[in-house]
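Enquirer: For reference, the sequence and a predicted model appear below.
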Amino acid sequence: MSKKLLIVTGPQGSGNHLFARLLSAHPMVKGWDSLKDNYWVPSDEEPFARYWVYPDELEFPEGDFFCANVSVPFFYDGVRRTPKIKEVAYKAVTMGIEPIIAVVCRDRNINELQQKRVGGEVTMDIALDYYSDLRHHFIDHEAFFLYKERYMEYLGRILEFPVTKEGIDNFVTVDANHKYVYPIKDHWLDNEIRKGRKSFRQRLEE
Amino acid sequence: MILTGPQGSGNHLWSKIFSLHEDVFGWKSLLDNYWEAHRISEPFAKYWKNPELLDEFDWSQSEYFFTSVSVPLGIKELGTIRRPNIMQFAKKVESLGIKVRICVVGRDQNILRHQQTRLRGESTVRYFLDQLSGFYKPVFLSYELLYLYKEEYLKSLDIGMPIAWYERDKISNILELDANNKYISYIKDSPLDDCNRTGVPSPWNPNIEEPMKPKDRDHAYDEEGTGCCGGWSDPNDKRNFKIEISTGNIVGDVGVGNTARSKTEDEKWVTYE
């Protein structure tokens, strides 16, 4: 069995912290420990943070499975940078460690509103440009909240990485999308859908 | 390939995408209409009603077959609600020597709830979740990923069936209107915004309720058992700490003759640790 490095990345505000925490939770995985004590920690305090800027310095602690996390772009020492994910992955390969890259996705409308509010500008396209050149898996923010344990099982399968369902209840009670979503009164297609659900006889009578 | 999901999770949208490939026997008529009723035009609609009829289906038409169905189908108040049995259908198809792959569609749970409540009068996700645990190694598909990464996402999918990810113009037309957009509104701020801006870690986790800390008191009775941390005390007990807070009066031990008196200005302030 080869050692593996799972790199969880995503546009800013897409759920990087959430999935870093979830995918570091398995006891065999060395991950972002300070996220166990804090709900939010700045990206440049992530254990691999320095390597996103200086990939040649990459080192690993003892262990077989590692989970690293970074958004694109990210802030390191107060400066916004594009992390050198590809370089870190190549470096890991030279050290005999198999890199797996997983990109987190959240609803684009919500993600861009969040980026604009927090950072003053939308950085989505920087991330999309960077990922277009990368071989990676996808992780879905919304599917986690909808399907919970079943989705975590699926992630373990596609990532081929140890994943636990223990303790995920601690993360699913507050869905960060909830505050952005409001009901709408009606939609132009609603009546067509309702008509399509009537019996043939009812439709003929009308 | 069986595509399924809760009502309103994007079944029609995905049906169009997967029916685009010329080698796939799918819901082709949906490519000419924005919306069609499932039970009228979906090619396998009658087999969802009675999977035993699949014996009569002509499997020589193609190498790849695609069908889509939501769970449930229809509207309860119209008396048309049905719960297609996904595994019954899948097992019947497998018994005919056809390999089956189940794909599960997902969409933001808040939007699903609003959409279902508006159209169907209630949230119907539970009907789908009841069946989900019975599916063998399903592939999860995401409405939001499709809109954000489009053909790159389609290329990444391994569903055992060809996908026409290269039909960029047609895919762009299908994805022209993001149906999520109308549900989403700007919010002014969020508790974690300052952490993001300043880089200061946040120990506060909105998912976990703060544990209630018992306060030190100079009397034996338990003021915390008042409903403010669990509701297990008698709400009519006048020693209830909430009464003290809301009335500004200190309530003495019941039954020992103490009478309430007004608080001084200093006593009105409560210090929490």
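Expert: Okay, I see it. Bear in mind that the values here come from a model prediction, so they are computed numbers and not experimental data.

Enquirer: And the helices in the stretch 1-150 of chain B?
Expert: Taking DSSP state H, counting those that start in this stretch as the criterion, the stretch 1-150 of chain B contains helices spanning B:11-19, B:38-41, B:45-49, B:86-95, B:109-120, B:125-132, B:143-156.

Enquirer: Run through who's touching the fifth one.
Expert: In this case it means helix B:109-120. A:142, A:145-146, A:175, A:177-178, A:181-187, A:190, A:193-194, B:6-9, B:75-77, B:122-125, B:180, B:183 (Cβ atoms under 8 Å, 6 or more residues apart in numbering or on different chains). Every C-beta, even on glycine, is put in place using the N, C-alpha and C of the backbone.

Enquirer: Kindly export it (C-alpha atoms) in PDB.
Expert: This file holds the C-alpha atoms of helix B:109-120, laid out as PDB (Å, rounded to 0.1, in the frame of the first residue of the first chain):
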ATOM      1  CA  GLN B 109     -31.400  21.000   0.300                       C
ATOM      2  CA  ASN B 110     -32.800  24.400   1.100                       C
ATOM      3  CA  ILE B 111     -33.800  25.000  -2.500                       C
ATOM      4  CA  LEU B 112     -35.300  21.600  -2.800                       C
ATOM      5  CA  ARG B 113     -37.400  22.200   0.300                       C
ATOM      6  CA  HIS B 114     -38.700  25.500  -1.000                       C
ATOM      7  CA  GLN B 115     -39.400  24.100  -4.500                       C
ATOM      8  CA  GLN B 116     -41.200  21.000  -3.300                       C
ATOM      9  CA  THR B 117     -43.200  23.000  -0.700                       C
ATOM     10  CA  ARG B 118     -44.300  25.500  -3.400                       C
ATOM     11  CA  LEU B 119     -45.200  22.900  -6.000                       C
ATOM     12  CA  ARG B 120     -46.200  19.900  -4.000                       C
END
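
Enquirer: Hey, what's the angle from that helix to helix B:143-156? Just curious.
Expert: 110 degrees (axes from the mean of the first three to the mean of the last three Cα atoms, to 10 degrees).

Enquirer: ok, back up a step: buried subset of the contacts of helix B:109-120, written for PyMOL?
Expert: Applied in PyMOL, the following selects the buried portion of the contacts of helix B:109-120 according to 16 or more other Cβ atoms under 10 Å in any protein chain shown:
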select buried, (chain A and resi 142+145+146+175+177+181+193) or (chain B and resi 6+7+8+9+75+123+124+125+180+183)
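
Enquirer: I'd like the distance from A:Ala176 to A:Pro11, if you could.
Expert: 14 Å (Cβ to Cβ, to the nearest Å).

Enquirer: These two: which is more packed in?
Expert: Per other Cβ atoms under 10 Å in any protein chain shown, whichever of A:Ala176 and A:Pro11 has more neighbours is A:Pro11, with 29 against 19.

Enquirer: quick one: secondary structure of the closest residue to that one other than its chain neighbours?
Expert: Closest residue in space to A:Pro11, ignoring its immediate chain neighbours: A:Ala127 at 3.8 Å, by Cβ to Cβ, 6 or more residues apart in numbering or on different chains. What DSSP: H, G, I helix; E, B strand; the rest coil gives for A:Ala127 is helix.
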